[in-house]
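Q: structure of the sequence below:
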Amino acid sequence: MPAIVDSIAAFTTSVHSKLATSFEPRSKLDSMYGTSKGVNPYIYAIYMLFALKWFVMSEVVSDGDFSTVMTLGAVVQCMGFSLLVMKYHVTGRRSLNDLSPQSMMLFAVYLCFRLCSTCLKNGYIPVDPSGDWFYQLMDFGSLGCVLFLLAKMSAEDFEHSHDQEIVTVAPIVLPCIVLGICIHGNFNRSYVFDAIWQISLNVETLAMLPQLMLLSKAGGKVDNPTCHWIACTVVSCLCRFQFWVYAWTELHDECPVAAWTIILLHMLQLLLIWLSTLLATIMTSSMLGMWKKLRRYLEWKMI
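A: Below is the predicted model:
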């Protein structure tokens, strides 16, 4: 009996040491800047959690209608923001240096406008049962994550490594409001709530612009959770774009200008993300090339 107890204790100690090793930072420098291999297990856990959430929703709540793709986009978006919150809790406040506060503000504005429309009207929500509450719940989750990140980035002791103002929020939001008032659809059958939904789409289209400009300015240096968040943003936009391509004919028959506007705005979202990501990649490659040439030159001088 004591031998069995000793074996179980040894096995438990071995498992605990392996888990601690996998979750610990690679070096003090990684811990200081919030980039550690310990983030990866949490990323896998969040992916598994949201995959389970989507499976349960699709089996229990949804009836399989094509509009469920909008719910999928909301789930993926919420997962992306959850990864950023996880990054803060695991690696500390310094890990938020590669996030733009201006982008987070724009995401908060767009989600507030979006929820004002989708919680009170049913013109721009999935027609299956997931649009009754689950779709809005995912947007509320995203908004909660964004407000949490904004609160941490607005703390007095938070020092942003790229604190220069790249772009301000007001010049982006005001034209979006004017455009939404002038051009919008009629699925809500309400001038006010149709304009509110359109404003949310306009702001959403440009929400990633400050973040992507920050990435380009920083030479494309981001950690794994931020990369996954950007990927989730792309997938979420693709889901919504797929839905509106499907629903374009119905809206075009009543509001052709609004229908084309919605399609073009989703295309602009994807274009901004891909072009800015490509720019950051090119800048990173150029900096690496320059560093290699400089190192070779210094080595030649030393010889």
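Q: got a list of contacts for stretch 130-147?
A: For stretch 130-147, the external contacting residues (CB atoms under 8 Å, 6 or more residues apart in numbering) are 57, 61-62, 67-68, 70-71, 74-75, 77-78, 81-82, 84-85, 104, 107-108, 111-112, 114-115, 118-119, 122, 125-126. In this view, the C-beta of every residue, glycine as well, is placed from N, C-alpha and C.
Q: ugh, wrong one, stretch 194-208
A: For stretch 194-208, contacts defined as CB under 8 Å, 6+ apart pick out 103, 106-107, 109-111, 113-114, 116-118, 121, 123-124, 172-173, 175-177, 179-181, 183-188, 230, 233, 258, 261-262, 265-266, 268-269, 272-273, 276.
Q: swap the cut-off to 6 Å and go again
A: Here stretch 194-208 makes contact (CB atoms under 6 Å, 6 or more residues apart in numbering) with 103, 106-107, 109-110, 113-114, 116-117, 124, 172, 176-177, 179-181, 184-186, 188, 265, 268-269, 273.
Q: tell me which of those fall in helices.
A: Among the contacts of stretch 194-208, the residues falling in helices (DSSP state H) are 103, 106-107, 109-110, 113-114, 116-117, 172, 176-177, 179-181, 265, 268-269, 273.
Q: residue 70: neighbour count?
A: 25 (other CB atoms under 10 Å).
Q: so where's this protein shaky on pLDDT?
A: For the chain, the stretches flagged by pLDDT under 70 are 1-38, 156-167, 218-221, 275-303.
Q: that one: helices as residue ranges?
A: 2-23, 28-33, 39-56, 68-91, 101-118, 134-153, 170-182, 191-206, 209-217, 224-254, 256-302.
Q: now for the fifth one, which elements pack on it?
A: Counting contacts by 3 or more CB pairs under 6 Å, 6 or more residues apart in numbering; DSSP states H and E, helix 101-118 is packed against helix 134-153, helix 191-206, helix 209-217.
Q: count the residues that sit near residue 247.
A: 19.
Q: could you find the closest non-adjacent residue to it?
A: Among residues not flanking residue 247 along the chain, residue 67 sits closest, at 8.0 Å (CB to CB, 6 or more residues apart in numbering).
Q: next: residue 115.
A: According to CB to CB, 6+ apart, the nearest residue to residue 115 is residue 139 (5.5 Å).
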